[in-house]
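> this one's sequence-less:
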């Protein structure tokens, strides 16, 4: 009978482990994975962009609810322009509200994002700041409504919608700033301080150029999340109507308004996508090169 000693057992398990790791490397090196990744990426791109293109096509359809694009017509766009007095104010309020949320998110996310990496135990602060990401929109909207309207007995309006949007957008903005802030080398600031640079000069000349993509991204995310927010706005709106609330109300109550909503969504899409695309190109291509 062969006696298995601890040393021989360890050697056997070591060989087995090395053999398994080698087999996994060989499997990972198969060319089929590269082809599979390309096809999966292609499918994801189709799922993202084909519905947007189809929305634009159906906005010109005479019968958009049937799913058949022909015959084509521009009548829905004429009706949309004729009803500008109905959707113009909600659009204006959503844009202004989104810009305010974007600016506040940029400022607060930058201040908090710079401070968290310098804490001894940043985990607790980060957890508290990110908890709103995991709270459902209906729950957060109802909680804010009860707190503002029932407990504080304040009148709801754009300011209460702003609070709901800020609570929702700020954690995303903070994450974008933190991605860059946690990799920032603070020895650069110490060197600048030794050379006599003031705090504002150290921030503007050293920190801001490095954190700039995260700060601008925080503003963009703040604006987009505010502009498209519906669930929290429904509870906090009072008598105000933002663009998502208007679209939801018209779609839910008047089926005849659905083609006009298609046209309005297409116009917003055609305006925002080129602006955001050009902004990102300037930010990440032109400015970073310089």
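Looks like it arrived, so ask away. Bear in mind the structure is a predicted one, so any value in this text is a computation, not a measurement.
> Now do the same contact list for the spatially closest residue to residue 67 that is not a sequence neighbour.
Distance criterion C-beta to C-beta, 6 or more residues apart in numbering; nearest residue to residue 67, sequence neighbours excluded, is residue 58 at 7.5 Å. (C-beta placed from N, C-alpha, C; glycine too.) For residue 58, the contact set (C-beta atoms under 8 Å, 6 or more residues apart in numbering) comprises 64, 67, 69, 262.
> How much space separates residue 58 from residue 69?
Separation of residue 58 from residue 69 (C-beta to C-beta, to the nearest Å): 6 Å.
> Over to residue 157?
Relative to residue 69, residue 157 is positioned 41 Å away (criterion: C-beta to C-beta).
> for residue 260, same thing?
Here residue 260 is placed at a distance of 17 Å from residue 69 (C-beta to C-beta).
> ditto for residue 50
Per C-beta to C-beta, residue 50 is found 13 Å from residue 69.
> if you count what's nearby, which of the two comes out ahead?
Taking other C-beta atoms under 10 Å, residue 50 and residue 69 do not tie; residue 69 has more neighbours (15 against 10).
> pretty sure the more buried one is in contact with residue 60, am I right?
Yes: using C-beta atoms under 8 Å, residue 69 makes contact with residue 60 at a distance of 7.2 Å.
> what is the mean pLDDT for the longest helix seen in the chain?
In the chain, with assignment by DSSP state H, the single longest helix is helix 84-115. Per-residue pLDDT over helix 84-115 has a mean of 90.
> Please identify the buried residues of it?
Buried residues in helix 84-115, counted by 16 or more other C-beta atoms under 10 Å: 87, 90-91, 93-94, 97-98, 100-102, 104-106, 108-110, 112-114.
> Which strands and helices lie in contact with whichever helix or strand comes after it?
Using DSSP states H and E, the helix or strand that follows helix 84-115 towards the C-terminus is helix 122-130. The contact analysis (3 or more C-beta pairs under 8 Å, 6 or more residues apart in numbering; DSSP states H and E) places helix 122-130 against helix 158-181.
> pLDDT on the helix or strand following the helix it packs on, on average?
Heading C-terminal from helix 158-181, the first helix or strand you meet, by DSSP H and E, is helix 187-194. Taken as a whole, helix 187-194 carries a mean pLDDT of 79.
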